[in-house]
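Colleague: predicted model and sequence below, questions to follow.
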Amino acid sequence: GNSVTQMEGPVTLSEEAFLTINCTYTATGYPSLFWYVQYPGEGLQLLLKATKADDKGSNKGFEATYRKETTSFHLEKGSVQVSDSAVYFCALKEADSSYKLIFGSGTRLLVRP
Amino acid sequence: GAVVSQHPSRVICKSGTSVKIECRSLDFQATTMFWYRQFPKQSLMLMATSNEGSKATYEQGVEKDKFLINHASLTLSTLTVTSAHPEDSSFYICSAPRQGGYTEAFFGQGTRLTVV
């Protein structure tokens, strides 16, 4: 079945460091791919998305490119801030009309001043 | 601001009792809502799809008599954990897609359930 695998955390970085959180997926057809972020005490928020191969999603300095050849959707940010500390979830939506999402296990990011 | 509100955020209950969790869409109507469960250090797992005015659709392995879902209005879905046991302790989170020109699934804040 469809699945999402993302790197285990926690990831600890110093402020202004470069961030990569790896995400790979297994799916039939052409799923849509998402990154969600969960700040402490809050619900999940959509960070960015990509709906077809080679699309690049971007928001708040974060980027991820839909790579069908490597079935990946890695999250990157050039310079992290303390306020980026959160749990990041990679997810896919199957190529149908519903909004059922399949999530990765989440990666906790801790950015130190 | 939040567009999906989930309540309560935390609840502790005794074994054998039932707990109701509410999920509300605040400024849009949601004919469909989704309920997820997250175990520590694991993915969010879809439990069921809540359909307004009809029966919920449960994922394989989820006991429908254990996790009762009611979607009585276009803005409210409830999940009731019946006869709770310690193994039901988990993080439960709902989501609701907002249709229209821009579709996105909005998530509630989640409910941390602890059964003692």
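Modeller: That came through, no problem.

Colleague: hey, let's count contacts and neighbours off CA atoms from now on
Modeller: Noted.

Colleague: near chain A at all, stretch B:33-47?
Modeller: Yes - residues of stretch B:33-47 contacting chain A under CA under 8 Å from any CA of the partner chain: B:34, B:41-46.

Colleague: quick check: phi and psi on residue A:82?
Modeller: Residue A:82 adopts backbone torsions of phi -60, psi -40, taken as degrees, to the nearest 10.

Colleague: one more: residue A:83?
Modeller: Dihedral angles (degrees, to the nearest 10) for residue A:83: phi -70, psi -10.

Colleague: how much space separates it from residue A:109?
Modeller: 10 Å (CA to CA, to the nearest Å).

Colleague: who's more crowded, these two?
Modeller: When neighbours are counted by other CA atoms under 10 Å in any protein chain shown, residue A:83 and residue A:109 differ, and residue A:109 comes out ahead with 20 against 12.

Colleague: could you give the bridge partners of that one?
Modeller: residue A:11, residue A:86 (DSSP bridges).

Colleague: residues contacting it?
Modeller: For residue A:109, the contact set (CA atoms under 8 Å, 6 or more residues apart in numbering or on different chains) comprises A:9-13, A:84-88.

Colleague: PyMOL command to pick out the buried ones of the residues you listed?
Modeller: A single PyMOL command selects the buried members of those (16 or more other CA atoms under 10 Å in any protein chain shown):
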select buried, chain A and resi 9+11+13+84+85+86+87+88
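
Colleague: the helix or strand bottoming out on mean pLDDT in chain B packs against which elements?
Modeller: The weakest-scoring helix or strand in chain B, judged by mean pLDDT, DSSP states H and E, is strand B:104-107 (a mean of 83). Applying 3 or more CA pairs under 8 Å, 6 or more residues apart in numbering or on different chains; DSSP states H and E, one finds that strand B:104-107 makes contact with strand A:44-50, strand B:90-98.

Colleague: and of these, who's closest to residue B:60?
Modeller: Smallest distance to residue B:60 across the helices and strands packed on strand B:104-107 (CA to CA): 17.2 Å, for strand B:90-98.

Colleague: angle of that closest one against strand A:44-50?
Modeller: Using axes from the mean of the first three to the mean of the last three CA atoms, to 10 degrees, the inter-axis angle of strand B:90-98 relative to strand A:44-50 is 60 degrees.

Colleague: dump the residue contacts of the closest residue to residue A:40 other than its chain neighbours.
Modeller: Spatial nearest neighbour of residue A:40, chain neighbours left out: residue A:86 (6.5 Å); criterion: CA to CA, 6 or more residues apart in numbering or on different chains. Each residue near residue A:86 by CA under 8 Å, 6+ apart is listed here: A:37-40, A:108-110.

Colleague: give me the lowest-pLDDT entry from those.
Modeller: Note: of the contacts of residue A:86, the lowest pLDDT belongs to residue A:40, at 82.

Colleague: is that one in a helix, a strand, or coil?
Modeller: At residue A:40 the chain is in coil, as set by DSSP: H, G, I helix; E, B strand; the rest coil.
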